[in-house]
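Engineer: Sequence plus predicted model, see below.
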Amino acid sequence: MANKLFVGSLAWSATDDDLANFFSGVGTVVSAKVIVDRDTNRSKGFGFVEMGNDEEAKAAIDKLNGQELKGRPVSVSEARPQAPRG
């Protein structure tokens, strides 16, 4: 298992700091990034969080998947590598 997590179903108002604070309760957050549209600078509704180690990443999935962040239940899963663009 990798320690990088995909976080989906984010509220449009969620920020990088919101993500970091949400995940800090289960372990060390190395990085937290909400993905934004480069043209509109608006959230795309998902982000990525990197935890300190694999055990913390697993704990984050187990404890935070389905929990509410900014009024919306989020989905937390292991991040998969980006598909090559053609």
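Structural biologist: Good, I have the coordinates. Since we're looking at a predicted model, the values are computed, not measured. Residues are numbered from 1 along each chain as shown.
Engineer: quick one, what contacts Glu55?
Structural biologist: Going by C-beta atoms under 8 Å, 6 or more residues apart in numbering, Glu55 touches Gly27. Glycine gets a C-beta too; all of them are placed from N, C-alpha and C.
Engineer: can I assume it sits in a helix?
Structural biologist: Yes - under DSSP: H, G, I helix; E, B strand; the rest coil, Glu55 falls within a helix.
Engineer: so how far is Val26 from it?
Structural biologist: Counting by C-beta to C-beta, to the nearest Å, the separation of Glu55 from Val26 is 10 Å.
Engineer: Disregarding residues adjacent in the polypeptide, which is nearest to Ala11?
Structural biologist: Lys70 (3.9 Å; C-beta to C-beta, 6 or more residues apart in numbering).
Engineer: Sorry, wrong one. I was asking about Lys44.
Structural biologist: In space, Lys44 is closest to Ile35, 4.8 Å off (C-beta to C-beta, 6+ apart).
Engineer: In terms of helices and strands, where is that neighbour?
Structural biologist: Ile35 belongs to strand 29-36 when elements are defined using DSSP states H and E.
Engineer: partners of the following helix or strand past that strand in the sheet?
Structural biologist: Using DSSP H and E, the next helix or strand after strand 29-36 towards the C-terminus is strand 43-51. Within its sheet, and counting by DSSP bridges, strand 43-51 is paired with strand 4-8 (antiparallel), strand 29-36 (antiparallel).
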